[in-house]
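A.B. asks: coords please:
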Amino acid sequence: MPGRRTALVMAAAGGAGVFFALPRMAEFFAPTLTFEPLPGIDGFRQLAGGAVSRGNPALVGIDQADARLSDRSVCAHLFTAPKPVNHVPIAYFSDARCVYCRVLSPLLHDLEASEPIAITWHELPLLGPASRRAAEAALAAKRQGAYTFFHDRLMGTPFLPNTAYIRQLASDAGIDADQLLRDMQADGVAEDIARTASLARRFGVYGTPALVVGRTLVVGSVDERRLRRLIEIESNMTAPAPCS
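C.D. replies: Numbering: from 1, shown residues only. All right, here's what the predicted structure looks like:
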């Protein structure tokens, strides 16, 4: 039996070795991220992204003068979600007609429930009148506490956001449809979209999706592994973030 006993001991030792090697293996297989400076905006950097739904910035209805935001104004509007201590702020720019956003939005919902992050959701309608109307509906719904419901439903549907469909969504969300339609035309909703467009131009965002994770801009689709790795890197940074 010594041969069997020796084999068992060696197997146990090998298992222990694998167990203790797991953290190093995880580190070895973690995505490698390469950062570049972000010209024209101090303190921020950029990471290459994936596919993007390109749009026309003129569709959001502001002129180039509105894009000249000071650094202080950038921080005031970029991250507006309540941020608990040690949470990484994320700004997410999306368009309801953007096919890549339809993958990223659910992922961000999942990460919001499991990672130390605080997401500010920005509507950036670059893909035509239907995008603009969807953005107005989502922002108007926000006034009745139904932003997430509208964002998700408008993002995931092939239907155009006409009045009948928007009324149906309001009914499904349990909010006042008439008030929603009035709010869609409110100055505040138009101003919110204009501010988001100004931020996008300030960062050089030319399509959706786009993220600013802490101090890092990512334009285009990004997979879960790279996004989790970026959140980890940002959460472990010791130097103050530009909007801290």
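A.B. asks: and the residue positioned nearest the centre of the chain, bridged to which residues?
C.D. replies: Taking C-alpha atoms, centre = their mean, the centroid of the chain lies closest to residue 92, which sits 2.9 Å from it. In this entry, residue 92 is beta-bridged to residue 121, residue 211, by DSSP bridges.
A.B. asks: list the contacts for it?
C.D. replies: 104, 105, 108, 119, 120, 121, 122, 209, 210, 211 (C-beta atoms under 8 Å, 6 or more residues apart in numbering). For every residue, glycine as well, the C-beta is placed using N, CA and C.
A.B. asks: Show me this protein divided up by domain.
C.D. replies: 1-30, 34-235 (automatic domain parsing).
A.B. asks: so which pair among the contacts of residue 92 is furthest apart in space?
C.D. replies: Greatest spatial distance among the contacts of residue 92 (C-beta to C-beta): 104 and 120, at 14.5 Å.
A.B. asks: So for these two, which residue has more residues nearby?
C.D. replies: residue 104 (24 against 18; other C-beta atoms under 10 Å).
A.B. asks: isn't the more buried one right up against residue 218?
C.D. replies: No: with contact defined as C-beta atoms under 8 Å, residue 104 does not reach residue 218; the gap is 10.1 Å.
A.B. asks: distance of residue 149 from residue 172?
C.D. replies: 8 Å (C-beta to C-beta, to the nearest Å).
A.B. asks: quick one: low-confidence ranges for the protein?
C.D. replies: Residues of the chain meeting the criterion pLDDT under 70: 1-29, 57-71.
A.B. asks: give me that answer again for 90
C.D. replies: 1-31, 39-42, 54-73, 83, 156, 158, 240-241, 243-244 (pLDDT under 90).
A.B. asks: Restrict stretch 190-199 to CA atoms and write it as PDB.
C.D. replies: Taking Å, rounded to 0.1, in the frame of the first residue of the first chain, the C-alpha atoms of stretch 190-199 are listed here in PDB:
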ATOM      1  CA  ALA A 190     -34.000  69.400 -24.200                       C
ATOM      2  CA  GLU A 191     -31.400  71.000 -21.900                       C
ATOM      3  CA  ASP A 192     -30.400  67.600 -20.500                       C
ATOM      4  CA  ILE A 193     -29.800  66.200 -24.000                       C
ATOM      5  CA  ALA A 194     -27.800  69.300 -24.900                       C
ATOM      6  CA  ARG A 195     -25.600  69.000 -21.900                       C
ATOM      7  CA  THR A 196     -24.900  65.400 -22.700                       C
ATOM      8  CA  ALA A 197     -24.100  66.300 -26.200                       C
ATOM      9  CA  SER A 198     -21.700  69.000 -25.000                       C
ATOM     10  CA  LEU A 199     -20.000  66.400 -22.700                       C
END
